[in-house]
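Novice: what follows is a protein structure lacking sequence information:
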């Protein structure tokens with residue numbers, strides 16, 4: 001199929017088990033597929049290169065800066081961003097093609113729905129919570145924000161993005177343990193970002209962050225429709241949000257690490273004045 005006048009870029013690290021499906025789903029849309037890798041040790045680079053991607057190494061500077069680095073390596077003004085654990089299904093690929101069928105799309109930026117697919121599922125649940133970030137856009141009308149923890153496109157003032165029909169399939173969870181490990185690392189970056197920006201979250205938040213965010217995920221983001229697994233992923237999300245605040249509290253208070261107390265000196269025997277031997 002004819003390539004569209006757009007570049008597709010992906011940031012990755014240790015995604016050899018998932019990035020193949022990501023690339024296969026979009027490689028017919030473009031003649032410029034860029035993968036920016038931050039030091040994979042599982043062969044991600046080889047998988048991507050074998051499927052036609054242009055692989056570039058860049059040490060990890062944070063989410064926003066890494067995506068800005070990738071933007072600058074793209075050859076076209078129109079950019080499509082997908083993550084290494086996401087797949088563009090055929091109906092969405094067709095909708096993207098339709099935007100360019102008559103030439104330049106009518107808007108310079110477009111939102112695309114993203115829905116998670118959990119282990120054991122073949123497609124997003126009909127009631128799955130869907131994010132709608134800008135993922136297709138002109139580089140001269142918007143760029144990824146430089147935030148190390150938030151990867152969102154900042155558009156020029158006055159631009160109202162359109163919405164493309166269809167959703168990206170997000171295979172974010174390899175396992176509950178892998179998810180929790182990833183979220184724990186992310187909470188470190190969030191705590192660092194709060195400190196760098198001089199933000200002070202009040203201490204009372206440590207008491208409400210976990211239950212409040214469990215309800216946000218389980219009810220607000222409709223994890224309850226996914227049964228037991230949805231309960232468990234909602235708990236992981238809540239734990240990660242609690243860790244963000246807990247680590248922020250620990251760093252703000254500059255609490256020293258726990259240390260083993262030294263043993264008390266051995267007491268010397270003192271005999272009473274009238275002791276008899």
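Specialist: On my side now, so go ahead. Since we're looking at a predicted model, the values are computed, not measured. Residues are numbered from 1 along each chain as shown.

Novice: which secondary element of this protein has the worst mean pLDDT?
Specialist: The weakest-scoring helix or strand in the chain, judged by mean pLDDT, DSSP states H and E, is helix 176-196 (a mean of 89).

Novice: which strands and helices sit next to it?
Specialist: Contacts defined by 3 or more CB pairs under 8 Å, 6 or more residues apart in numbering; DSSP states H and E place helix 176-196 against helix 227-252. (C-beta placed from N, C-alpha, C; glycine too.)

Novice: for the record, mean pLDDT for the helix it packs on?
Specialist: Mean per-residue pLDDT for helix 227-252: 94.

Novice: now for it, which elements pack on it?
Specialist: Under the contact criterion of 3+ CB pairs under 8 Å, 6+ apart, helix 227-252 touches helix 176-196, helix 205-215.

Novice: got those as CSV, with mean neighbour count and distance to residue 233 columns?
Specialist: Conversion of the helices and strands packed on helix 227-252 to CSV gives the following (neighbours: other CB atoms under 10 Å; distance: least, CB to CB, whole Å):
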stretch, mean neighbour count, distance to residue 233
helix 176-196, 16, 7
helix 205-215, 16, 11
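
Novice: among those helices, which comes closest to residue 44?
Specialist: For residue 44, the closest of the helices and strands packed on helix 227-252 is helix 176-196, at 15.6 Å, according to CB to CB.

Novice: coming back round to it: so what touches the least confident helix or strand of the chain?
Specialist: 62, 147-149, 172-173, 201, 232-233, 236-237, 239-241, 243-244, 247-248, 251-252 (CB atoms under 8 Å, 6 or more residues apart in numbering).

Novice: just stretch 118-132 next, same as before
Specialist: Here stretch 118-132 makes contact (CB under 8 Å, 6+ apart) with 111-117, 163, 167, 169, 173-175, 220-223, 225-226, 229-230, 233.

Novice: list only buried entries from those.
Specialist: Using 16 or more other CB atoms under 10 Å as the burial test, the contacts of stretch 118-132 include 111-117, 167, 169, 173, 221-223, 226, 230, 233 as buried.

Novice: so what does whichever strand or helix holds residue 9 touch, helix or strand wise?
Specialist: Assigning secondary structure by DSSP states H and E places residue 9 in strand 6-12. Packing partners of strand 6-12 (3+ CB pairs under 8 Å, 6+ apart): helix 19-26, strand 33-37, helix 44-50, helix 63-72, strand 78-81.

Novice: how about 10 Å then?
Specialist: Applying 3 or more CB pairs under 10 Å, 6 or more residues apart in numbering; DSSP states H and E, we find strand 6-12 packed against helix 19-26, strand 33-37, helix 44-50, strand 54-57, helix 63-72, strand 78-81, strand 134-138.

Novice: redo those as a markdown table? Include mean neighbour count, distance to residue 4 and mean pLDDT.
Specialist: Listed next are the helices and strands packed on strand 6-12 as a markdown table, based on neighbours: other CB atoms under 10 Å; distance: least, CB to CB, whole Å; pLDDT from 0 to 100:
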| stretch | mean neighbour count | distance to residue 4 | mean pLDDT |
| --- | --- | --- | --- |
| helix 19-26 | 20 | 10 | 98 |
| strand 33-37 | 24 | 12 | 98 |
| helix 44-50 | 18 | 20 | 98 |
| strand 54-57 | 15 | 17 | 98 |
| helix 63-72 | 19 | 17 | 97 |
| strand 78-81 | 24 | 7 | 98 |
| strand 134-138 | 23 | 10 | 98 |
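
Novice: no more questions from me, cheers.
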